[in-house]
Every structure is written in C-alpha cells, then in structure tokens.
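> How does the following fold in three dimensions:
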Amino acid sequence: LFDLERPPLLRTTLVGLGAARHILLVTLHHIIADQESLGVFRRELAALYGAFSRGMDSPLSDLPFQFADFARWQGDLLESGALKEQITYWRKQLGAPPAPLQFHRGRRRQPARYRSARRSLRFDDALLKRVRTLAREQNCTPFMILLAALHILLHHFTGATDICIRALTANRGRAGTAALIGYFVYALGLP
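Got it, this is the predicted structure:
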C-alpha cells in the first residue's frame, strides 16, 4: 500500500540470483506514471544501465521542463478561466451522468465487485482488415468502430440507450512531454 501524502511512491528492490545475474523489482503507484511513462522509464533505465556499466556518463539529455511544471501549467490554465467556455459546453452536452448500467439479459444479478482486470484481445488478420476497411469507408478510425460495437453490446445486455463510455487519452500534445514521466492521462467521456 502507498500513502499518497508520504514518499516514496516508487519502491525498488534488487534481487541477486547469482554473481552476475540480478532482477530489479519496481513497484510504483499509478498516480505518478501512466503507461507511456513506463516506456520512458524502461528506455531510460536501459540507457543508464548500459552507460554506467561501461563507466560512461549519462547518455540522457536534459529535459526542457519537468512534470511538476506541466502540472502547474494545467492548473494555471484552469484557474485563468481559459477553459470556462469549453467546460460549460461539455457540461451541457453531457448533462448529468447516466444511471449505472444494469445488466440483465441472460445473467443472474450479482452484487457489484470492485475489481478490475486487463485482458488483451487478439483479432485475427481478416477481422482486423474488415474493421479497418469499414473505418475507411465510414471516414472514421478503427477505434470509433470498436467503440460503436461496444455501445451496441452494452445496449444488448442492458437495454440502456444513454451510455457514456470513458476512454483514456494521453494528454501529451505539448512539445517536450514525450520524454517526461508522470500521469498525463485523463478520462474522456464518450456518449
């Protein structure tokens, strides 16, 4: 468990498996790094290990700014009122959040369990090609096709017509953020 008010939010342990074989275990709270940041972390760790193990200096370039700077800019943007018009527009468009979905078709009701999981889906090449072709024909992206399919599936199992799916977006549009480690992600409501 992590106490968000007390560091560290990143813990490491080096496990020795022999004289020249070790495993580095890294545990971190997701509030300090999104998925893209983990890629940055792995790449930088590999570059630093490669350089330091040969007695070389760090090969990493200095960053133009840190995540704390980015967070401050985001806060300043919100406080300045620059987003007021957009916030008003989206509150009107989205309205009140829809009621939680009640799954009923073909399933017995069970109490909610607050667990999450991640499962990769593999599409065969033929299905993926058909999705991409349909997306091109409809002048949209494969993500939009899959989102529509999820809406249809959720409607089928719930009967709901007002469904809002939240998708994570990277929020790394500002130049210089690609090399930063931090939690840039925010949830975008897609009705």
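> got the residue ranges for the strands in this structure?
With DSSP state E as the criterion, the chain has strands at 10-18, 21-28, 165-169, 186-190.
> Alpha carbons only: can I get the first one in CSV?
Coordinates of the C-alpha atoms in strand 10-18 are reproduced here as CSV (Å, rounded to 0.1, in the frame of the first residue of the first chain):
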residue,chain,number,x,y,z
LEU,A,10,8.2,4.3,-6.1
ARG,A,11,10.0,1.4,-4.5
THR,A,12,12.8,-0.7,-5.9
THR,A,13,14.4,-4.0,-4.8
LEU,A,14,17.3,-5.6,-6.4
VAL,A,15,17.2,-9.4,-6.1
GLY,A,16,20.5,-11.2,-6.6
LEU,A,17,20.2,-14.5,-8.5
GLY,A,18,24.0,-15.1,-8.7
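> which outside residues touch it?
22-29, 32 (C-beta atoms under 8 Å, 6 or more residues apart in numbering). C-beta: built from backbone N, CA, C; applies to glycine.
> Show me how to select, in PyMOL, the buried members of the residues you listed.
Those of the contacts of strand 10-18 that count as buried under 16 or more other C-beta atoms under 10 Å are selected in PyMOL with:
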select buried, resi 28+32
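> wait, isn't residue 71 in contact with residue 182?
Yes - if you go by C-beta atoms under 8 Å, residue 71 and residue 182 touch, sitting 7.4 Å apart.
> ok, back up a step: any chance of the contacts of strand 10-18 in a markdown table with distance to residue 170 and pLDDT as columns?
Shown next, in a markdown table, are the contacts of strand 10-18 (distance: C-beta to C-beta, whole Å; pLDDT from 0 to 100):
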| residue | distance to residue 170 | pLDDT |
| --- | --- | --- |
| 22 | 32 | 92 |
| 23 | 30 | 94 |
| 24 | 26 | 94 |
| 25 | 27 | 95 |
| 26 | 21 | 94 |
| 27 | 23 | 93 |
| 28 | 18 | 92 |
| 29 | 19 | 91 |
| 32 | 16 | 92 |
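> returning to what we had before: quick one: which of residue 71 and residue 182 has more around it?
Between residue 71 and residue 182, residue 182 has the larger neighbour count (other C-beta atoms under 10 Å), namely 19 against 13.
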